[in-house]
Every structure is written in structure tokens, then in C-alpha cells.
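*Asks:* My questions are about this predicted structure, shown below with the sequence.
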Amino acid sequence: MRTTRHGAAERAAKRRRGIGLPVALPAVGVVVCLAAALLIGGGADVRRTADESVTAAPVLSGSPAVAADATTTPTQARVTSPAPSLRRTPTVSAAGKPPVASRSTPATTPRAPSSTPRAESMVSTASLAGRIKPAVRYRGVATAYAAGDGNGACLYGPAGDLMIAAMNHTDYESAKACGAYVRVRAANGAAITVRIVNECPLPCAPGQLDLSQQAFSRLANLSVGRLPITWTLLSPATPGTLSIRYKTGSSQYWCGIQVIGHRNPVATLELRTAKGWRKLNRTGYNYFLAPDGNGCGGAIRVTDIYGERLTINGIALKPDVAHPARVQFARH
């Protein structure tokens, strides 16, 4: 009868299992450690890559910066602080403010509205004026003379209105003052408007006006003799239009021309010729002369001290006749 030695075999198997277990356990431990190390290293690489990608990504102006959070995936993030703007910062000046481009604005000086001619003349300017200029107040003395019929050095002829005056030789300026209207004011407050039709020769001083007796008596008694005054150029509301007159003896070979009834002082007079406009010289007796007659009888262009030009056509070459021109200078 065979006897199975189960006990010995079991003991041998147990012994083999006992030997293998200590060997297997360290091997398993090594494998587990290696796996853990690989997992841990891989996780670190993943987190670093996520952080670098967030840091390296450009942040547009107005977008928040982000940082990885332990509770989020690499594609999730929480707001931590505002991101620096990529917008260009303007250059700062020494004063600490951004520079501003300069812009020039034309300066304007508005004219003060006024209902009086004198106030208007005080704010006017003229580039063609001689010694007597708009917006200038002149000082001098007033004297008186017997004006007769009102004719004088300006050769306007008899005057229907004797509110006239003779300008001193200096300010007369070779007839440039002829026809000018001036506002005269005395120290006592009395004021008059007169038209310049004559010249007061030396020793009349600059600023002096020799008034007709009719005009002087409006300011003070004739017995005063010399009266301190101030006066300014005026651009009055004169009625009517100006006229052109050829001097005695004028023809197509020689002519003298004067302007009558003009509101503002006349600066220049020109004649149209085949070569264009010809500027004539002015005499002390208030005529513009064309010694060779070139342009006489043709179109005439008159310019006042404010630069306004009036062109007059159709004036017949008839001496000693005042030809109405149907035009007038503007009021200033």
C-alpha cells in the first residue's frame, strides 16, 4: 500500500513559497518605486510646461494675467493680478505730461460795433494813408480864417457848406489831405465835423487846423484866437456819389484829373492804357497829371486809403465839368 507523502510535499512547497516571497516582495517594491518616480517626474514636467505657456503667452491690453491653481487643469486658471498693457506709452516731457502737438490759431481782433462814424474810424486801419491815418487822434490848435465862398488850395470850387478847414502845411502833404473829413473836439467838450478844402501855410504847425470862422464859432468865441483841440479822421455817411473833373486845358495830349465828393481820402488815381494801368502823380493843387496824355479820356481807377478801388468808365474828356460817376467808397 503506497503511502502518499503529502506532508513532505506541502512542506517542500511551503519552503519554496517561503523562499520566493522574500525575493518577490523587493522586486515588486522596486517596480512600484520606479513607476511612482516616473509618474511624479511626469507631473512636474506637465505643470512646468503649463506655467511656461501662461507666462510666455502675450497679454493684450485689458486682459487679465493668469496663474496655475492646484485645483485646476492646465487649461484652467484663476485671475490673480491685472496684466501689463502692451499699449505704447506716450513720451513724457520734462514737466511730467505727454507732449501735445502745437497748433496755431489765427488771431482775430473783432471790431466793436458802433453806431457813430467816429467810433468806427477809431478802429479802422489803412495801408495807403499818408500822415493822416485812421484810428489816430491828433493834437493841435484851432485858428480861424475868413473862408469867403469856400474855395481853397484843393480847387474844389465854391462850397455850399462852410463847415470847412485848411490843413497845416505838413499834414496837408501835397494835397493828400484834400477832401478828408475830420472830427474836431475842443477841451470844453464841443465838437464839429469839417471837410479839408484848403492849406494853411507855414508857420502853421503840425496838428493845427485853420477853421472857417463859421466852424470855429461852433467851438468857441472868435475872440479866443487859438483853441487847443484834438481831431481824428472820419469816414462819414456823406450823401451822393463822387464825381470826376478834368482840369482846364485837358486834352488827349495832356490832362489833369481830380476826384470830387469822395467819402474817404483818395490815395491813387490810374488811367487805363494799352500797356495796362498807369499811376498818375498828384500835384499840390489836388490834380493828378498825365503830361503826355497817355490814357486821357479812357477808363479811370481810383483807390482810397483803405485800398478800395473804383473803376469808372465813360467819362467824357470835357474840362471844367463835374462828371458824376455813380459810385462811392465804402464807409469805415
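*Replies:* Noted; the coordinates are in hand. Residues are numbered from 1 along each chain as shown.

*Asks:* Can you pull out the low-pLDDT segments for this structure?
*Replies:* Filtered on pLDDT under 70, the chain yields the residue ranges 1-126.

*Asks:* can you list the domains in it?
*Replies:* With domains defined by automatic domain parsing, the chain comprises 117-234, 243-324.

*Asks:* what's the neighbour count on R309?
*Replies:* Other residues lying near R309 total 13 when counted by other Cβ atoms under 10 Å. Backbone N, C-alpha and C define where each C-beta goes, glycine included.

*Asks:* residues in contact with it?
*Replies:* For R309, the contact set (Cβ atoms under 8 Å, 6 or more residues apart in numbering) comprises R301, V302, T303.

*Asks:* Okay, it and G240: tell me how far apart.
*Replies:* Per Cβ to Cβ, to the nearest Å, R309 is found 20 Å from G240.

*Asks:* list the buried ones in stretch 146-163?
*Replies:* By neighbour count on 16 or more other Cβ atoms under 10 Å, the buried set for stretch 146-163 is A147, G150, G152, A153, C154, L155, Y156, A159, L162, M163.

*Asks:* no no, stretch 194-202
*Replies:* For stretch 194-202, by 16+ other Cβ under 10 Å, it's V194, R195, I196, V197, N198, E199, C200.

*Asks:* got it, and stretch 300-313?
*Replies:* I300, R301, V302, T303, D304, I305, Y306, E308, L310, I312.

*Asks:* end-to-end on that stretch?
*Replies:* With Cα to Cα, to the nearest Å as the measure, the first residue of stretch 300-313 is 7 Å from its last.

*Asks:* again with stretch 205-224
*Replies:* Taking Cα to Cα, stretch 205-224 runs 18 Å from one end to the other.

*Asks:* mind listing the helices in the chain by residue range?
*Replies:* Remark: helices assigned in the chain by DSSP state H are 6-56, 117-122, 169-172, 213-216.

*Asks:* and the closest residue to G207 other than its chain neighbours, how many neighbours?
*Replies:* Spatially, and ignoring its direct neighbours in sequence, G207 is nearest to G140 (2.7 Å; Cβ to Cβ, 6 or more residues apart in numbering). For G140, the neighbour count with other Cβ under 10 Å is 20.

*Asks:* again with the one 3 residues further on
*Replies:* By other Cβ under 10 Å, 19 other residues sit near T143.

*Asks:* which residues touch the top strand by length along the chain?
*Replies:* Identified as the longest strand of the chain according to DSSP state E is strand 191-200. By Cβ under 8 Å, 6+ apart, the residues outside strand 191-200 that reach it are 143, 145, 147, 150-154, 156, 159, 161, 163-169, 172, 177-185, 208-212, 215, 218-219, 234, 236, 284.
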